[in-house]
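1. 3D model of this:
(chains A and B)
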Amino acid sequence: MLDIKLIRDNPESVKNKLRLRKEEVSVIDKILDTDGQRLILISKSETLKELRNSVSDEIAVMKKNKQDASDKIAEMKKVSDEIKAYDEELRKVDADLDMQLRYVPNLPDDSVPLGNSEKDNAEILKWGEKNSFDFDVKDHIELGKALDILDFERGTKISGSGFPLYKGKGAKLERALINFMLDEQSKNGYKEVMTPVLVNRASMEAAEKIPKFEEDMYHIEKDDLFAIPTAEVPILNIHRDEILKQDDLPLKYCGFTNCFRREAGSYGKDTKGFLRVHQFNKVELINFCRPEDSYIELEKMLDDATGILKKLNIHYRVIELCTADIGFSASKCYDIEVWSYAENKWLEASSVSNCTDFQTRRAMVRYKKVLDNNKTKTEFVHALNGSGLATSRLMVALMEAYQTKEGNIIVPEILRSYTGFDII
RNA sequence: GGAGAGGUGGCAGAGUGGUUGAAUGCGGCAGUCUCGAAAACUGUUGUAGCGGUAACGCUAUCGAGGGUUCGAAUCCCUCCUUCUCCGCCA
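-> From the prediction side, this is the model:
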């Protein structure tokens, strides 16, 4: 969530930045209006509370001295009723304000390229080259079926479409990728964690996934638990309501989880095989850092994510998202895309974002900042997240890029110590 | 799932309706002492909101949310959570 004080003090600047995201800015005026009501109610209620507190003390003294305090008690009864009425109204206004704030996205950083849609995203880097095949390439579905390593039909039987079944060397290759990525990211200084994949409502709210994306998530009604769409959610919540030590920053975590997405409303688009699935595997990177370091850490995280692709020798490019396309919680965002030979297009395999203090404000993840005069100040940390990487799209690129004329798949050199075989 | 006992400041631990934001101890910070350090002594030390340039003032906060009361850490209700015992189970 944005800082209400920022909105209160610089409404025009906030609006201008939201306009860059192609957001409707009239909500800001509504927020200001609600905030104004709120401040008035707080002031009224607190003035009466002050009166009540002081008179209650007087009553206590009178009672001690065996004096009659019934006049004051009667008076305070009225005051208490008034307070109750104000507080009741305040509760409503607070809830209203909170709900409005939950739909306002993070503000884009000044360095983010301007744009009107995803068409304006900028390719900033391309690594490697496309293979030149002297035969007709097969797509990952054909390859997977012929080699009996992927079974989308049976996955559908078990759960429904979009729930892949990996078999034999396919399962082993997937496991190898996950282990490889975790090992690499551990080397990059990320602490490995294995988290719950079902999380409570408070965790989803802290990660700013609710209410905006509630419909996109699997929800277990009986226990009010949500299947995570990304490990970003549980990892971010590791430090919810905590105050970190300045010396511990940046605090970096990596974790593998299954990820679950309903993908409501996207049926019919890229539904083939792995292109869009309800369950997939991902190694996630999270970084909690000092605010002044977050944009430097963002670049490092991008290197950490792309390092995987370099070692796998997979052709990729990096896209810097424009103001109209960055994610809800992000102030700046890079996508990493891998090349699909069969689809003849780029596929998003990772997204690396600086979410500044947008999530940590709601999640209350702070740190004790040591000031020059040796005093400390509690301040929100910045949080960054990135996929390092998601396996499904990566698997598409890998299978296609490493296929042979005979329909086999060569295992990338770096993975062989993990798979124990070098060809499928 | 059943029965019982708890959740108080960074930690330990008092407090069961009235100047209690909360005794005491430990820790942290500052100072005295010291060449320096330790020890000892003295002072200080939560978070958030609102107002104020500021000093500061006010309000809230004793797991969370309601309620009773002029007044709640203290009484009542609901929920969460921890521990112990029983049952069940990967």
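
2. give me every residue that touches the residue nearest the centre of chain A.
-> Nearest to the mean C-alpha position of chain A, by C-alpha atoms, centre = their mean, lies residue A:232 at 5.2 Å. Residues near residue A:232 by C-beta atoms under 8 Å, 6 or more residues apart in numbering: A:207, A:284, A:286, A:385. Any C-beta I mention is one placed from the backbone N, CA and C, and that applies to glycine too.

3. Now those residues in CSV, please, with extra columns for distance to residue A:16, neighbour count and secondary structure.
-> Formatted as CSV, these follow (distance: C-beta to C-beta, whole Å; neighbours: other C-beta atoms under 10 Å; DSSP: H, G, I helix; E, B strand; the rest coil):
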residue, distance to residue A:16, neighbour count, secondary structure
A:207, 27, 27, coil
A:284, 33, 29, strand
A:286, 30, 27, strand
A:385, 26, 27, strand
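
4. Now for the closest residue to residue A:62 other than its chain neighbours, how many residues are close by?
-> Sequence neighbours aside, residue A:69 is the residue nearest to residue A:62 in space, at 4.3 Å (criterion: C-beta to C-beta, 6 or more residues apart in numbering). Neighbour count for residue A:69, taken as other C-beta atoms under 10 Å: 18.

5. thinking residue A:227 is in contact with residue A:278, fair?
-> No. Taking contacts as C-beta atoms under 8 Å, residue A:227 lies outside contact range of residue A:278: 9.5 Å.

6. shared neighbours, those two?
-> By C-beta under 8 Å, 6+ apart, the residues touching both residue A:227 and residue A:278 are residue A:260.

7. rewinding a little: quick check: the farthest pair among the contacts of residue A:232?
-> Pairwise distances across these (C-beta to C-beta) peak at 11.7 Å, for the pair A:207 and A:284.

8. and of the contacts of residue A:232, the nearest to residue A:332?
-> residue A:385 (12.2 Å).

9. contacts for stretch A:296-309?
-> Under C-beta under 8 Å, 6+ apart, the answer for stretch A:296-309 is A:127, A:180-181, A:184-185, A:188, A:190, A:250, A:285, A:287, A:289, A:316, A:318, A:332, A:334, A:336, A:338, A:349-350, A:352-354, A:382, A:384, A:386-389, A:394.

10. rewinding a little: among the contacts of residue A:232, which ones lie close to RNA strand B?
-> Among the contacts of residue A:232, no residue lies close to RNA strand B (C-beta under 7 Å from any atom of the strand).

11. So which residues on chain A come close to RNA strand B?
-> A:4-5, A:39, A:42-43, A:46-47, A:49-50, A:52-57, A:59-61, A:63, A:73, A:76-77, A:79-80, A:84, A:91, A:366, A:374, A:376, A:378.

12. Buried subset of those residues, written for ChimeraX?
-> Of the residues of chain A next to RNA strand B, the buried ones can be selected in ChimeraX as follows, counting by 16 or more other C-beta atoms under 10 Å:
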select /A:4,52,55,56,59,76,366
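
13. which stretches of chain A have low pLDDT?
-> A:265-271, A:372-375 (pLDDT under 70).

14. Centre of the chain to the top helix by length along it, how far?
-> Longest helix of chain A, by residue count under DSSP state H: helix A:26-64. Taking C-alpha atoms, centre = their mean, to the nearest Å, one finds helix A:26-64 lying 37 Å from the centre of the chain it belongs to.

15. so is whichever residue of the stretch 301-424 of chain A sits closest to RNA strand B in a helix, a strand, or just coil?
-> Nearest residue of the stretch 301-424 of chain A to RNA strand B (C-beta to the nearest atom of the strand) works out as residue A:378 at 4.1 Å. Taken by DSSP: H, G, I helix; E, B strand; the rest coil, the conformation at residue A:378 corresponds to strand.

16. Residues in a beta bridge with it, which ones?
-> residue A:368 (DSSP bridges).

17. Next up, the contacts around it.
-> So residue A:378 contacts A:243, A:366-369 (C-beta under 8 Å, 6+ apart).

18. Then residue A:256?
-> Residues near residue A:256 by C-beta under 8 Å, 6+ apart: A:178, A:181-182, A:194, A:231, A:281-284.

19. now could you export just the CA positions of the helix or strand hosting residue A:7 as CSV?
-> Using DSSP states H and E, residue A:7 falls within helix A:4-9. Below are the C-alpha coordinates for helix A:4-9, written out as CSV (Å, rounded to 0.1, in the frame of the first residue of the first chain):
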residue,chain,number,x,y,z
ILE,A,4,-1.3,7.8,3.2
LYS,A,5,0.9,10.7,4.3
LEU,A,6,2.5,10.7,0.9
ILE,A,7,-0.9,11.0,-0.8
ARG,A,8,-2.0,13.6,1.7
ASP,A,9,1.1,15.8,1.3
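
20. which strands and helices sit next to it?
-> Where contact means 3 or more C-beta pairs under 8 Å, 6 or more residues apart in numbering; DSSP states H and E, helix A:4-9 is packed against helix A:26-64.

21. Can you get me a residue count around residue A:136?
-> When neighbours are counted by other C-beta under 10 Å, residue A:136 registers 7.

22. could you show me where the strands are in the stretch 101-250 of chain A, in order?
-> Secondary structure of the stretch 101-250 of chain A (DSSP state E, counting those that start in this stretch): strands at A:122-127, A:191-193, A:198-200, A:219-220, A:225-227, A:242-245.

23. does the residue in the stretch 101-250 of chain A positioned nearest to RNA strand B have beta-bridge partners, and which?
-> Residue of the stretch 101-250 of chain A nearest RNA strand B, by C-beta to the nearest atom of the strand: residue A:243 (7.4 Å). Counting by DSSP bridges, residue A:243 is bridged to residue A:366.

24. re the thing from before, starting at the chain centroid, how far to the helix holding residue A:7?
-> The chain centroid and the centroid of helix A:4-9 are separated by 24 Å, computed with C-alpha atoms, centre = their mean.

25. So what angle separates the directions of the helix or strand that that helix is followed by and helix A:26-64?
-> Where DSSP H and E defines the elements, the next helix or strand beyond helix A:4-9 is helix A:11-20. Per axes from the mean of the first three to the mean of the last three C-alpha atoms, to 10 degrees, the angle that helix A:11-20 makes with helix A:26-64 is 140 degrees.

26. Identify the residues contacting helix A:11-20?
-> A:2, A:6-7, A:25, A:28-29, A:32, A:104-105, A:107-108, A:112, A:114, A:323-324.
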